[in-house]
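In: Quick one: sequence and predicted model below, then my questions.
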Amino acid sequence: MSKFENKIVNGNSLEILKKIPDKTFNLIFADPPYNLQIGEKLKRPDDSKVSGVHDKWDQFKSFKHYDDFCKDWLKECKRILKDNGSIWVIGSYHNIFRLGYHLQNLDYWLLNDIIWMKNNPMPNFRGTRFTNAHETLIWASKNKKSKYTFNYQSLKCLNDDLQMRSDWTFPICGGKERLKKNGKKVHSTQKPEALLHRIILATTNKDDFILDPFLGTGTTASVAKKLGRKYFGIEKDKKYFKVANERISKVEAIEESHLDVLENNKSKPRVPFGSLVELGIIKPGTSIFDQKKKINAKIMVDGSIKHKDSAGSIHKVAAKIMGTESYNGWTYWYCNVDGSIVPIDNLRQRFLSKNI
């Protein structure tokens, strides 16, 4: 796999995709041509020219031509995606519905559509339509049975302990991040690194292998390198390829010790507290208590616990004490193990280490 790892190539995406072995990548991020169908040149009210997307790579003869192009690269991407891998595609109203249609026809399994809301969108200068203030991303697994990566806890932490929603707000790429040459943008649709940071953090793990079949100026590869992931990128335009190469070479990877993320609780095997009692890891009659040792409970033979006149599971009793509908008893209750006060969750981890 060294032929592809941490490399980018200049060439036709479809031709190169066909040379890649089956089931190579954990994640694919695709920012394909949007087929914007822009006719005449746009101007501002002061008659100055709008720097929009007029590039030849975004122009197709017809919808059929564009559809055939999309089906071909999506089919190859599915082949080279690992069984538990996933894919992100991004687009605007011009193409995202066509992409979603092709994804479903190819038996990808759609997981979410994400709305990227731009807090600094380009105005609609003619005043004939609503300002296009967002783009849409589709996240899909290879198939319905794929055990795809989703780092739920990390995203929740990233969002101040609130569930991450499907509406994301980022500015369009600008400032020092926007690559320019002689004062002009190198690429008309360069994506912000913050967008790729969230996608890669959410749906890959350290050392996973990421493909970008339409690399542009190298945003995906740059963020992947920074976050300790392997990457492979394909870019047809020599100018973009050269800029991407220079950009990626300057990226410094984040220190290995800083790449750890929160463990996803939902991915942990379920362990009933009663199993610890049955196996003698914790014995009936043992006292458990809250972190401050102000609340005490006793363990019963069936794995239930008693606190004053309350009885039930470790979760139910903790919830009653806390005055909530539910509560995680694994983190609420503590016990004494060989003279050390530890959360009872430590006992669960001991059980798991012996039985996995």
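Out: Yep, that arrived.

In: Report all helices and strands that the helix or strand where residue 76 lies contacts.
Out: When elements are assigned from DSSP states H and E, residue 76 belongs to helix 63-80. Judged by 3 or more C-beta pairs under 8 Å, 6 or more residues apart in numbering; DSSP states H and E, helix 63-80 is in contact with helix 13-17, strand 25-30, helix 96-105. (Glycine included, C-beta is placed from N, CA and C.)

In: Next, the buried residues of it.
Out: Residues of helix 63-80 classed as buried: 66, 67, 69, 70, 71, 73, 74, 76, 77, 78, 80 (neighbour count, 16 or more other C-beta atoms under 10 Å).

In: quick one: it to strand 25-30, angle?
Out: 160 degrees (axes from the mean of the first three to the mean of the last three C-alpha atoms, to 10 degrees).

In: for the stretch 201-350 of the chain, what spans make up the helices?
Out: For the stretch 201-350 of the chain, the helices defined by DSSP state H, counting those that start in this stretch cover 219-226, 238-249, 273-278, 314-322, 329-332, 345-355.

In: Give the rounded mean pLDDT of the third one.
Out: Averaged across helix 273-278, pLDDT comes to 87.

In: contacting residues around it?
Out: 282-284, 299, 301-303, 313-314, 329-330, 344, 347-348, 351 (C-beta atoms under 8 Å, 6 or more residues apart in numbering).

In: who wins for proximity to residue 338 among the helices and strands packed on helix 63-80?
Out: Closest to residue 338 of the helices and strands packed on helix 63-80, according to C-beta to C-beta: strand 25-30, at 40.8 Å.

In: Can you pull out the low-pLDDT segments for the stretch 151-300 of the chain?
Out: Scanning the stretch 151-300 of the chain for pLDDT under 70 picks out 265-269.

In: Look at residue 231 and say how many residues are nearby.
Out: Using other C-beta atoms under 10 Å, the number of residues around residue 231 comes to 28.

In: again with the one 10 residues further on
Out: Residues contacting residue 241 under the criterion other C-beta under 10 Å number 21.

In: right, and it touches residue 235 too?
Out: Yes: in terms of C-beta atoms under 8 Å, residue 241 counts as a neighbour of residue 235; the distance is 4.4 Å.

In: who touches both of those two?
Out: Shared contacts of residue 241 and residue 235, defined by C-beta under 8 Å, 6+ apart, are found at 8, 9, 10, 215.

In: Mind checking which of the residues you listed land in strands?
Out: Judged by DSSP state E, those include 8, 9, 10 as members of strands.

In: residues in contact with the closest residue to the second one other than its chain neighbours?
Out: So the one you mean is residue 9. Spatially, and ignoring its direct neighbours in sequence, residue 9 is nearest to residue 234 (5.7 Å; C-beta to C-beta, 6 or more residues apart in numbering). For residue 234, the contacting residues are 8, 9, 11, 13, 16, 17, 212, 213, 214, 215, by C-beta under 8 Å, 6+ apart.

In: run the last query once more with 6 Å
Out: 9, 13, 16, 213, 215 (C-beta atoms under 6 Å, 6 or more residues apart in numbering).

In: ok, now residue 250?
Out: Counted by C-beta under 6 Å, 6+ apart, residue 250 has zero contacts.

In: what are the bridge partners for residue 89, then?
Out: In this entry, residue 89 is beta-bridged to residue 30, residue 138, by DSSP bridges.

In: separation between it and residue 191?
Out: Distance of residue 89 to residue 191, computed by C-beta to C-beta, to the nearest Å: 12 Å.

In: how close does residue 88 get to residue 203?
Out: 7 Å.

In: Same check on residue 295?
Out: 40 Å.

In: So between these two, which is more surrounded?
Out: Shown here are residue 295 and residue 203; by other C-beta under 10 Å, residue 203 has more neighbours (24 against 18).

In: domain ranges for the chain?
Out: Per automatic domain parsing, the structural domains of the chain span 7-265, 268-355.

In: Buried deepest among those, which one?
Out: Among the domains of the chain, the stretch with the highest mean neighbour count (mean count of other C-beta atoms under 10 Å) is domain 7-265, at a mean of 17.

In: so can I have JSON lines of the helices of the stretch 201-350 of the chain showing distance to residue 144?
Out: Below are the helices of the stretch 201-350 of the chain laid out as JSON lines (distance: least, C-beta to C-beta, whole Å):
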{"stretch": "helix 219-226", "distance to residue 144": "26"}
{"stretch": "helix 238-249", "distance to residue 144": "35"}
{"stretch": "helix 273-278", "distance to residue 144": "31"}
{"stretch": "helix 314-322", "distance to residue 144": "31"}
{"stretch": "helix 329-332", "distance to residue 144": "31"}
{"stretch": "helix 345-355", "distance to residue 144": "28"}
